Each structure stands twice: as C-alpha cells, then as structure tokens.
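> task: produce atomic coordinates for the following.
(one chain, ligands or ions: 1)
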Amino acid sequence: MKIPFTKMHGLGNSYIYIDLFQHKLEEAMLPALAQSVSNMNTGIGSDGIILIHPSERAALGMRIFNKDGSEGQSCGNGLRCTAKYAYEHGIVDVTQFQIETKANIVEAEVQIQNNNVQLVTINMGKPQLNRADIPMIGSETEKVVAEQFKIMDQQLKVTAVSMGNPHAVFVVDNIDDAPLVELGPSIEKDKRFPQGINVEFIEVLTPTEINFCVWERGSGITQACGTGACAAVVAAALNDLVNRNEQITVHLPGGDLFIKWDDQGYVWMTGGAEVIATGDYYYDD
Ligand SMILES: N[C@@H](CCC[C@H](N)C(=O)O)C(=O)O
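Down below sits the predicted model:
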C-alpha cells in the first residue's frame, strides 16, 4: 500500500503526518503503521504518526500515535504542525480555527509571512489537576503537588498535570543531571499511573524561564513535547516557582516554546512548526 505523507517537526519532535481528507486508512492498521513508519532503519524515522482528519465538531481533527503504536490524547507540537498544514493545504482559509483532539477542542492561530505559517499559538485549554483525572493512584490529597515519590531507591517530589494527556513533572537543580535515562522508563510504566505517564524534569532559572527535558510515554526521549512544556509551566506555577499569567520561556533540547497559564485558567503555547519532507510510504502490512 502506498501512503502519501508529510514529515514535519516542532522543535525536533517529528511525526509523519497523514492527510485523511485525501487518503483513508483502516482503524485496525494504525498502531502497527505507527511502529513501522517510526522505525529509523526500516521506516521513515519519527516519534510517531499524526492523522489529520475531517471533524464534525471543529474545522479539522488530529490524532497522534506514539512510536510504540499507543495512542495519545493530545500533542502540542503536533497541533502546531497540524495548524500549519491545514492553512497551507487549504483545509482552512482563515488564520484562527479550531482543532479537535481525543482530549478536547483547541483554538489555533497561525501567523503568516509570504503565504507560509511562521508561528502558531494554541489555546490548549485548562489543565486538569485532580488525581483521578491524571490518572494517578494514591489518596493523600486531591491534587498532586510536590508529593513524595519513591522510585528505584530515589526519593523525588512529583507534581502531576493532565493537559488532556498525563504528565509527571519533577524539579531538579541542574537539567544536565536530570535522571532521564535512568528513571524515565520506570516512571513511565510505574503502576501508580494506570495509563502510563509522560515524564518531565525541569530546572527553574528565573520566574519566567525554565530548562526542560522529557521522556515521552510511548516514544522515549524526544527533542520536545508541547503538552509537556505546558504541564511543566503549570507545575512550576503550582509550586510558586514561576509567575502565573506571564509568558514563560521553556528551553527544550530542540529549541524554545513560550507558554502562559492565564488568570482564567487557560494554557497558551506559541512556537514554530516546520516541514521536513513529503513523499509516499510503501507499507507492507
Ligand atoms: N510530543 C507530544 C506528546 C505526544 C503524546 C504523548 N507521548 C502521550 O502519549 O501522551 C507533544 O508535543 O505534546
């Protein structure tokens, strides 16, 4: 089967985008297709696949499958790339529009230069903070803020945030010493998180600037995670480490994102989105 694709990235977090306005795919094949495409030796190489599809509730919809074939509920970098694709391929002809994800409907705004989308801002909606909404097992408190978290003989403090998908955020003194490789895989699959978890370590530089690295559920270490950067800013604000209602610069391995958690409770994300390549994927299922 020949599947037309566009490879795009947001700060190095790359996905293979498949346009379901043009090409239909069977539901049952999607997890295996994501694993196949993502393989850097026998596929194209990516952090997963993203499907851009018609929606009855918004201008378009987006679904994300991680490298291991699991489906995530949302993807911040994917939303910015999807917004760019939708505008540049005429799926929308306005600069502000809505995108449906498995988690919610978000508002996208694209900034145009010479007919190309340069920057994208997404209103990601309100974070969910209740333990049951993460979901995280435990009964200490309703919200999970700087809660003691023992893993592999290390005593950490976790703040848990759902941006539609689940995130566990840990504050460290120096991002270069973050135990991402050592603890990321164990925390991702820890049984306190029944749906798995995206794992973020952050170093707070100033009340408006943080360093960030991530171990993503289903994909491992990536260069950037948009929902993770949003969760990191929310977690940092809950711990009184960054300013609420101000734009926070998040330095990710792949570049910078600008995140604000406003007074009304909405999280805004601004950043770039880039096309890498287009082509046909020859899929032998
Ligand atoms: N890279 C993404 C998040 C992708 C999904 C995540 N791994 C999950 O399973 O929840 C982003 O930019 O937000």
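
> which non-adjacent residue is nearest T42?
Closest residue to T42 apart from its sequence neighbours, by CB to CB, 6 or more residues apart in numbering: S36 at 7.4 Å. C-beta here means a position set from N, CA and C on the backbone, and glycine is covered the same way.

> need phi/psi at I16.
Main-chain torsions, I16, degrees, to the nearest 10: phi -90, psi 120.

> if we can go back for a sec, could you count how many residues lie near the residue nearest to T42?
18 (other CB atoms under 10 Å).

> tell me the SS of it?
Assigned state for S36: helix (three-state reduction, DSSP: H, G, I helix; E, B strand; the rest coil).

> pretty sure it contacts G43?
Yes - the criterion here is CB atoms under 8 Å, and S36 meets it with G43 at 5.2 Å.

> stretch 174-184 spans what distance, first to last residue?
16 Å (CA to CA, to the nearest Å).

> excluding chain neighbours, what is closest to I112?
In this structure, I112 finds its nearest non-sequential neighbour in T95, 6.5 Å apart by CB to CB, 6+ apart.

> where's the residue nearest to T42 relative to the ligand, distance?
18 Å (CB to the nearest ligand atom, to the nearest Å).

> kindly report the same for M163.
Going from M163 to the ligand by CB to the nearest ligand atom gives 7 Å.

> that residue - how many residues pack around it?
If we define neighbours as other CB under 10 Å, then M163 has 28 of them.

> for it, which non-adjacent residue is closest in space?
Here the residue nearest M163, using CB to CB, 6+ apart, is T227, at 4.1 Å.

> the one you found - that's part of a helix, no?
Yes - counting by three-state DSSP, T227 is part of a helix.

> neighbours of it, just the number please.
A count of nearby residues for T227, using other CB under 10 Å, gives 33.

> what sits against it?
Going by CB atoms under 8 Å, 6 or more residues apart in numbering, T227 touches 74-76, 124, 163-165, 167, 198.

> which two among the residues you listed are spaced furthest apart?
Spanning the widest gap among these are M124 and N198, at 14.2 Å by CB to CB.

> you'd agree the residue nearest to I112 is up against N115?
No - if you go by CB under 8 Å, T95 and N115 don't touch, sitting 11.8 Å apart.

> which one's more surrounded, these two?
When neighbours are counted by other CB under 10 Å, T95 comes out ahead of the other of T95 and N115, with 13 against 7.

> buried residues in the helix or strand encompassing F149?
For F149, the enclosing helix or strand under DSSP states H and E is strand 147-151. Neighbour counts over strand 147-151 (16 or more other CB atoms under 10 Å) mark 147, 149, 151 as buried.

> tell me the strands beside it, with direction?
strand 154-162 (antiparallel) (DSSP bridges).

> may I have the partner strand exported as PDB, CA atoms only?
The C-alpha coordinates for strand 154-162 follow below in PDB (Å, rounded to 0.1, in the frame of the first residue of the first chain):
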ATOM      1  CA  GLN A 154      15.500   7.600  44.800                       C
ATOM      2  CA  GLN A 155      13.200  10.000  46.700                       C
ATOM      3  CA  LEU A 156      11.700  12.600  44.400                       C
ATOM      4  CA  LYS A 157       8.800  15.000  44.500                       C
ATOM      5  CA  VAL A 158       6.200  14.800  41.800                       C
ATOM      6  CA  THR A 159       3.600  17.300  40.500                       C
ATOM      7  CA  ALA A 160       1.100  15.700  38.200                       C
ATOM      8  CA  VAL A 161      -0.800  17.600  35.500                       C
ATOM      9  CA  SER A 162      -3.100  16.500  32.700                       C
END
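
> quick one: residues in contact with the strand holding F149.
Contacts for strand 147-151 (CB under 8 Å, 6+ apart): 138, 140-141, 155-160, 168, 170, 183, 186-187, 190.
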